[in-house]
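J.: sequence and predicted model, in that order:
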Amino acid sequence: MHSTLVCWHARLHWQVKAKNTFVACVRVLSGEVVVRQGAVQTDLAWLSGTRDFTGNITIFHRGMATTDIDDDDLLDYAIQMSIQESCQNSACSESSSSENLKILEAIDRGDLFMLQKLSDVPAAFTEVDSGGWYPLHKAAIQPSPQVLEIVLYASYRLNLEEKTGDGDTALILATQAGLVDNVRMMLEHGASPDRTNEKNESPLLLAVRMDLFDVALTLISRGASVNQHCLKKWTSVHEAAKMGCTDILRLLLIHGGNISETDQHGVTPMAVAAEYGQTDAIEILIQNGGNVNAVAPNGDTVLYDAAGSGNPDCIELLLQHGANPNIASLSSQLPIHRAAYEGHYLALRIFIPITTRRSLRLSGQSPVHSAADGGHVRCLELLVEKGFNVNALLDTHISENYGDMRRSALYFAVSNGDVTCTEMLLNAGAKPDLDPLSCLLVAVRAGRYEIVKLLLAKRANVNCYFTVVSDTVFPTALQYCLRDEIMMRLLLNNGYNVEKCFSCHHDDSIWSTDTEEDDCHPAKKVPFCDFISVSWLEHLAGRTETHDRLDTSVGLQSDLK
């Protein structure tokens, strides 16, 4: 009895389930996988085949004559074929790497013919390179969809969610490459639109970041979640607001994007758009119900974030929709302080007339402090012009946040080494001796010659004391310039009381007979001779230059007296 012959040029994979049951899996070149399973019957052969010299199987449809074959023979044949293929795979393992290299080269060249030929070696498509990339990953970033299609069919042994060494799936790579056709093909073959990378960033989030509208639309149409968040709880809506991708933002909102979703810091998309000065994005969010007075857990308002961006259009839009400029953050900062610190001149002009004196008083700090700290002389000039006091002091609860207990705006400029702002404040009437630690001492210790000259010219007290660290008989400034002869000369030439350096309560002191001096400088105060004798300064004690300069200054002061 003869039967109809049907054959495929294909690779055959066997798996024996039981004595009388087997599964034959045939991979056809078209990519179709045909699976047959059944019990072997003596009256009807289920499946048979022969292997040619190329290692391919010619499969015959059932219906052949079965007089010459029984179930045991067929089962033995299945086992033999399985063992033979297993041995062949083992023998060819060394050559698989070379086949894999050929595949990668063909992908890079876009050689469809070679890829079609190499698809007969599916094992080579399951190998990774040093970066953990499969050929599928390489094909995903190639601009030819035909290349990806062939590799997809040849990579049937792989899961489409396989990741590179960096944690990227093929779909993520195609998304980042901006290849919408590849993205569409991956989705059509079953790739998940929500599978994330190591940072838990979805393909949609990455598409928004790169402003790829077509890719984002394709992902959403295939079921991508618009509210999926990354490790930082950052959603695609946050990303669109940050980037100002208005078309994508509208698309996300149409498909259910949440405008009230907060990230790990409690920040809404509205606040993100304000922080990055994205006026159009803010307008879209407002139209969709966004809250212009939303407050983050740290007390930062949307308007405060907008002040940081310095975009006047953004600030005006928020104000027009009811944003309040007099809400302070938990650090007592108002939007006017943020604008002054960042140096946003136009934004500062907007905030000056609408910020109330009461809110400034309750904040415990002046925008003059903020502008000086930020080093923005134009903003300082504007504030002075509008009547702000250059000698305003920080409230105690603000001053206590600084280890040096600073209070004046001038101190900020001096401690930052800002010559321009220091000069501007001094010329505007700033007093140099309003802080617990004198501005002059800060400048001397930092070696800021220009600032020291400016302060001394404005009658800063060169003989001031700071006794928290060491209570000395002589004025404190000399402690900070014993190694700096230029700075020492500046102090001595501007009235430093050098006689105090020779005031000593020891018996061998030339001043010891003066009981009046001893009463003025009790033993608890440290004289210069004791100070200079400590181990880390003793190498300076015998320096001729220092000794002569102090003696000369004493002589000059005596002559003047």
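T.: In hand now; what should we look at? Numbers count the residues shown, from 1 in each chain.

J.: quick one, domains of this structure?
T.: Taking automatic domain parsing as the domain assignment, the ranges for the chain are 9-91, 94-225, 469-560.

J.: mean pLDDT lowest where, among those domains?
T.: If the domains of the chain are sorted by mean pLDDT, domain 9-91 sits at the bottom with a mean of 45.

J.: tell me the helix or strand right after whichever strand or helix holds R250.
T.: Assigned by DSSP states H and E, R250 belongs to helix 246-254. Toward the C-terminus, helix 246-254 is succeeded by helix 269-275 as the next helix or strand (DSSP H and E).

J.: now that next one: mean pLDDT?
T.: The predicted model gives helix 269-275 an average pLDDT of 98.

J.: buried ones in the helix or strand following that helix, by neighbour count?
T.: Later in the chain than helix 269-275, the nearest helix or strand by DSSP H and E is helix 279-287. In terms of neighbour count (16 or more other Cβ atoms under 10 Å), helix 279-287 has its buried residues at T279, A281, I282, E283, I284, L285, I286. For glycine as for every other residue, the C-beta is placed from the backbone atoms N, C-alpha and C.

J.: cool, and stretch 303-310?
T.: Residues of stretch 303-310 classed as buried: L303, Y304, D305, A306, A307, G308, S309, G310 (neighbour count, 16+ other Cβ under 10 Å).

J.: for the last one, which non-adjacent residue is spatially closest?
T.: Translated: G310. Leaving out its chain neighbours, the residue that sits closest to G310 by Cβ to Cβ, 6 or more residues apart in numbering is H344, at 3.2 Å.

J.: swap in the fourth one?
T.: Spatially, and ignoring its direct neighbours in sequence, A306 is nearest to A274 (4.0 Å; Cβ to Cβ, 6+ apart).

J.: circling back: now the buried residues of stretch 303-310 in TSV, with secondary structure, distance to D418 and pLDDT?
T.: Rendered in TSV, the data for the buried residues of stretch 303-310 read as follows (DSSP: H, G, I helix; E, B strand; the rest coil; distance: Cβ to Cβ, whole Å; pLDDT from 0 to 100):
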residue	secondary structure	distance to D418	pLDDT
L303	helix	28	98
Y304	helix	25	98
D305	helix	26	98
A306	helix	26	98
A307	helix	22	98
G308	helix	21	97
S309	helix	24	97
G310	coil	20	97
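
J.: return the member of the residues you listed nearest to K138.
T.: The shortest gap between K138 and any of these belongs to S309, at 40.8 Å (Cβ to Cβ).

J.: measure that closest one to A274 for me?
T.: If you measure S309 against A274 using Cβ to Cβ, to the nearest Å, the figure is 7 Å.

J.: same check, this time on G244
T.: In this structure, G244 and A274 are separated by 12 Å, where distance is defined by Cβ to Cβ.

J.: spatially nearest residue to V452 (excluding sequence neighbours)?
T.: For V452, ignoring the flanking residues on the chain, the nearest one in space by Cβ to Cβ, 6+ apart is A443 at 4.8 Å.

J.: all strands for the chain, in order.
T.: For the chain, the strands defined by DSSP state E cover 9-18, 21-27, 33-39, 48-51, 57-60.

J.: pick out the residue closest to the middle of the chain.
T.: Centroid check for the chain by Cα atoms, centre = their mean gives K232 as the closest residue, at 10.7 Å.

J.: now that one: how far from H265?
T.: In this structure, K232 and H265 are 8 Å apart, going by Cβ to Cβ.

J.: then A413?
T.: As judged by Cβ to Cβ, A413 and H265 stand 31 Å apart.

J.: correct me if wrong: V237 contacts S260.
T.: No - judged on Cβ atoms under 8 Å, V237 makes no contact with S260 at a distance of 9.6 Å.
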